[in-house]
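1. quick check, what structure comes out for this input:
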Amino acid sequence: MGLILRSNQALDINPPAGNEAFSVHGSDWLWAVTAVYVIIFLAFYAASFKPFSGEKIFHYIFSVALLVGSIAYFAWASDLGYSVITVVNSKPTSSWTRQVFWVKYVYWVVEFPAVILSLGLLSGVSWATIVYNVFLSWVWVVSYLISAYTTSNYKWGFYAFGTFAWLMLAINTLGHGGNSAKRVGLTRDHSVLSGWVNLLWLLYPIAFGLSDGGNKIGVTPAAIFFGVLDVLLLPVTSIAILALSRKWDYGRLNLAFTRYGRVHDAGSFPEKNAPAAAPAPGVTTAQPTV
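-> So this is what the prediction gives:
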């Protein structure tokens, strides 16, 4: 790590490939993003030992997503996790190639559902709706991944399918989620968070169309673009949710399910029940009559 901090040798050890290739400046930026992910992951993990109201659900969700993000950006900054793909109608030669980093798509498969699950728990929508939204995000990401690897203009068909899945997801998180949030009295917090998330999600189709889709910007500018989006989407959103959740009623949101763990007594949690007051000396308890 000391060598990395003094001199970034990642591209010497793992040389880039393709006509449109990664650069040292892009690697430097992604090392900074990796550091952000690692620091916030450690903060979330440490905070999970003394969570607010004893509930750890948001710590669990974001700790896993931040850890995966740390791994993905470590690989990306190291110039690993990529393929060389022939681009379409973007350069004067038909054999022009570009580095496509598939590792970011793997990360999105975890990042997007983590955000969706958190918004769903906040809004109080059904588990069926949350699962539906998670699958929509996977359709979105997988469609973009297939589009990135398609070496003909048919790639834009996959791009259209993925973008439509994103539109469906936006409608659900803003519309259905907003309506459900009213019932639990968290309209303001949900509107702020879902609006922020969907504003960032709006930029992902643009970033993809300019980079792996249309090859209009280079590999390093694309890394900067996606790095900024990912930092704003997960680390910033996770901090905001953890801060706002200190005011939420976990019982009303039905989120009180990580403090006491699983029990076998038909869902009874003895820790929640205050012990019955002992009768005063000389006082007998009346027996029920038959």
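2. can you pull out the helices in this structure?
-> 2-6, 10-13, 24-47, 57-77, 103-123, 127-149, 155-171, 177-183, 187-208, 219-233, 235-244 (DSSP state H).
3. could I get those as TSV with distance to residue 253?
-> Yep, even glycine has a C-beta here, placed from its N, CA and C like the rest. Below are the helices of the chain laid out as TSV (distance: least, Cβ to Cβ, whole Å):
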stretch	distance to residue 253
helix 2-6	42
helix 10-13	44
helix 24-47	19
helix 57-77	10
helix 103-123	7
helix 127-149	13
helix 155-171	21
helix 177-183	10
helix 187-208	11
helix 219-233	23
helix 235-244	12
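4. between the ones you listed, which one is nearest to residue 96?
-> The closest of the helices of the chain to residue 96 is helix 219-233. By Cβ to Cβ, the value is 12.7 Å.
5. buried set for the closest one?
-> 219-227, 229-231, 233 (16 or more other Cβ atoms under 10 Å).
6. still on that earlier bit, can you flag the weakest of the helices of the chain by average pLDDT?
-> Looking at the helices of the chain, the lowest mean pLDDT belongs to helix 2-6 (a mean of 46).
7. give me the residue at the spatial middle of the protein.
-> The centre of the chain sits closest to residue 111, judged by Cα atoms, centre = their mean, with a distance of 2.4 Å.
8. name the nearest residue to residue 116, ignoring sequence neighbours.
-> In space, and not counting its chain neighbours, residue 116 is closest to residue 133: 4.7 Å by Cβ to Cβ, 6 or more residues apart in numbering.
9. quick one: neighbours of the one you found, just the number.
-> 24 (other Cβ atoms under 10 Å).
10. wait, isn't it in contact with residue 118?
-> No: at 11.3 Å, residue 133 does not count as touching residue 118 under the criterion of Cβ atoms under 8 Å.
11. can you list contacts of stretch 183-200?
-> By Cβ atoms under 8 Å, 6 or more residues apart in numbering, the residues outside stretch 183-200 that reach it are 115, 119, 122-124, 170, 173-174, 177-178, 181, 229, 232-233, 237, 240-241, 244, 247-248, 252-253.
12. okay, that stretch in PDB with CA atoms only?
-> The C-alpha trace of stretch 183-200 is given here as PDB (Å, rounded to 0.1, in the frame of the first residue of the first chain):
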ATOM      1  CA  ARG A 183     -49.000   5.900   5.500                       C
ATOM      2  CA  VAL A 184     -46.000   5.600   7.800                       C
ATOM      3  CA  GLY A 185     -45.500   9.400   8.200                       C
ATOM      4  CA  LEU A 186     -42.200   9.600   6.400                       C
ATOM      5  CA  THR A 187     -43.100  11.400   3.200                       C
ATOM      6  CA  ARG A 188     -40.500  14.100   3.500                       C
ATOM      7  CA  ASP A 189     -37.600  11.800   4.200                       C
ATOM      8  CA  HIS A 190     -38.600   9.300   1.500                       C
ATOM      9  CA  SER A 191     -39.100  12.100  -1.100                       C
ATOM     10  CA  VAL A 192     -35.600  13.500  -0.400                       C
ATOM     11  CA  LEU A 193     -33.900  10.200  -0.500                       C
ATOM     12  CA  SER A 194     -35.800   8.700  -3.500                       C
ATOM     13  CA  GLY A 195     -35.500  12.000  -5.400                       C
ATOM     14  CA  TRP A 196     -31.700  12.000  -4.800                       C
ATOM     15  CA  VAL A 197     -31.400   8.400  -5.900                       C
ATOM     16  CA  ASN A 198     -33.400   8.800  -9.000                       C
ATOM     17  CA  LEU A 199     -31.600  11.900 -10.000                       C
ATOM     18  CA  LEU A 200     -28.400   9.900  -9.900                       C
END
